[in-house]
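**Q** Just a sequence and a predicted model for now, questions to come.
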Amino acid sequence: MTNPSPYYKEFAPPNEIAHLVGAFWSFSMPDKAACNYSVPYRVLPDGCMDLIFRYQRSTNGAIDSPSLTVYGSTDRYYIVDIKPSTQLIGVRFNPGMAGVFLRHNPINLFQQEARAQDCSEKFVQVFDQLCECSSTAQALSTLQINLLKIQRVDREDSPSIREALRLISTSKGQISVSQVARAIGVSERTLRRGVTTVVGLSPKVLARILRFQSAVSSIRLVPKLQTQKESSSSDLCRIALDCGYADQAHMGREF
C-alpha cells in the first residue's frame, strides 16, 4: 500500500484471481507541460510482491524506456522519485501468492527487484504485448488476461501454509504465531520456514506489517486528525486497541 495521491488509482481484480491478486493499480504522472518536477512517493511495506510495467510517455504518445519488473516484499518504507510523463501499471499479489505466477524464490527477492522476464519466461511475451498498448486501460486488461493464462498448475504448495496465510491475513495480523501453528497443526519452526519461503517474510513480521496497514487505513478514515487535537488522541487510542496493539504508545513505536 502507498500513500494517497491524485495520480494513483486501484482496480479490483477479476473474481477468478481475486484470491491471488490484491489489486491492479496505475500511477500516471502529468506531462512536463503540466508538471515540471519529480514527485517523491512513499511506498509503505504491505507484505506483498508487485509486478510493475513502467515507461515514459513521449510527446507523440509512444512508449519510451519500458520495463517489466518484479518487486519483492520488504519490511520498511522506501521513497520513489517519479518524473513527469512517467506511467506505472502494476499488480499487487496477495501475500505468498506471487509464486503462482513466478519461478523465483521470494526469499531471494526480499527488498530486491528483478526483471519479470528473468522470473518466468512467460513474461517475455507479456512484456511485448504491454509495449504495444496505447492506453492504461488496455495495459491493465493485457495484464489481467495474461495472469489468468499463466497461473502455474505445477506449483508445489502446502495446504497448511496456505491456511496459515489465510489466518494471518483475515485477522489483519492480530493472530499470534503460536495460535497459527496450533490451528494448522505444525510447529512454530515449520510455520516460520514455510511462510518465509512463499512470502519472503517471517509470519511474525508479516503479521506486524498487516496490523500496521490496518491501522494506517483506519487513521486515514479519521477526518482532520491532525487538526482536531482533543479528539485525535481518543481516536488514535481506539484505533490502536481495535488493531490489536496494547495501547496507543505501542502503536506509535511500531509506526
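**A** Happy to help now that I have it.
**Q** domains of this structure?
**A** 8-149, 159-254 (automatic domain parsing).
**Q** I'd like those domains laid out as CSV, including mean pLDDT and mean neighbour count.
**A** From N, CA and C alone the C-beta is placed, and that goes for glycine too. Converted to CSV, these look like this (pLDDT from 0 to 100; neighbours: other C-beta atoms under 10 Å):
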stretch, mean pLDDT, mean neighbour count
domain 8-149, 91, 17
domain 159-254, 91, 17
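**Q** what are the ranges of the helices in the stretch 51-200 of the chain?
**A** Remark: helices assigned in the stretch 51-200 of the chain by DSSP state H, counting those that start in this stretch are 116-119, 122-131, 136-149, 159-170, 177-184, 188-199.
**Q** Quick check: which of these is nearest to Trp25?
**A** Checking those against Trp25 by C-beta to C-beta gives helix 136-149 as the closest, at 8.8 Å.
**Q** Show me what that closest one is packed against.
**A** Counting contacts by 3 or more C-beta pairs under 8 Å, 6 or more residues apart in numbering; DSSP states H and E, helix 136-149 is packed against strand 21-28, strand 50-57, strand 86-93, helix 122-131.
**Q** Could you dump these into a markdown table with distance to Gly99 added?
**A** Shown next, in a markdown table, are these (distance: least, C-beta to C-beta, whole Å):
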| stretch | distance to Gly99 |
| --- | --- |
| strand 21-28 | 13 |
| strand 50-57 | 12 |
| strand 86-93 | 9 |
| helix 122-131 | 14 |
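**Q** so which of those comes closest to Gly200?
**A** That would be strand 86-93 among the helices and strands packed on helix 136-149, by C-beta to C-beta, at 11.2 Å.
**Q** List the strands paired with that closest one, with their directions.
**A** Strand 86-93 pairs in its sheet with strand 21-28 (antiparallel), strand 50-57 (antiparallel), by DSSP bridges.
**Q** got a markdown table for the helices of the stretch 51-200 of the chain, with distance to Gly22 too?
**A** Converted to a markdown table, the helices of the stretch 51-200 of the chain look like this (distance: least, C-beta to C-beta, whole Å):
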| stretch | distance to Gly22 |
| --- | --- |
| helix 116-119 | 18 |
| helix 122-131 | 19 |
| helix 136-149 | 12 |
| helix 159-170 | 10 |
| helix 177-184 | 20 |
| helix 188-199 | 13 |
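**Q** Which one of those helices lies nearest to Phe255?
**A** helix 159-170 (19.8 Å).
**Q** what's in contact with that closest one?
**A** With C-beta atoms under 8 Å, 6 or more residues apart in numbering as the test, helix 159-170 has contacts from 94-96, 175, 179-180, 183-186, 191, 194-195, 197-199, 203, 206-207, 210.
**Q** Only alpha carbons, please: show it as CSV.
**A** Output of helix 159-170 as CSV, limited to C-alpha atoms (Å, rounded to 0.1, in the frame of the first residue of the first chain):
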residue,chain,number,x,y,z
PRO,A,159,-2.3,-26.5,2.1
SER,A,160,-1.3,-25.9,5.8
ILE,A,161,0.8,-22.9,4.8
ARG,A,162,-2.0,-21.5,2.6
GLU,A,163,-4.3,-21.8,5.6
ALA,A,164,-1.7,-20.1,7.8
LEU,A,165,-1.6,-17.2,5.3
ARG,A,166,-5.4,-17.0,5.3
LEU,A,167,-5.5,-16.9,9.1
ILE,A,168,-2.8,-14.1,9.3
SER,A,169,-4.5,-12.1,6.5
THR,A,170,-8.1,-12.4,7.7
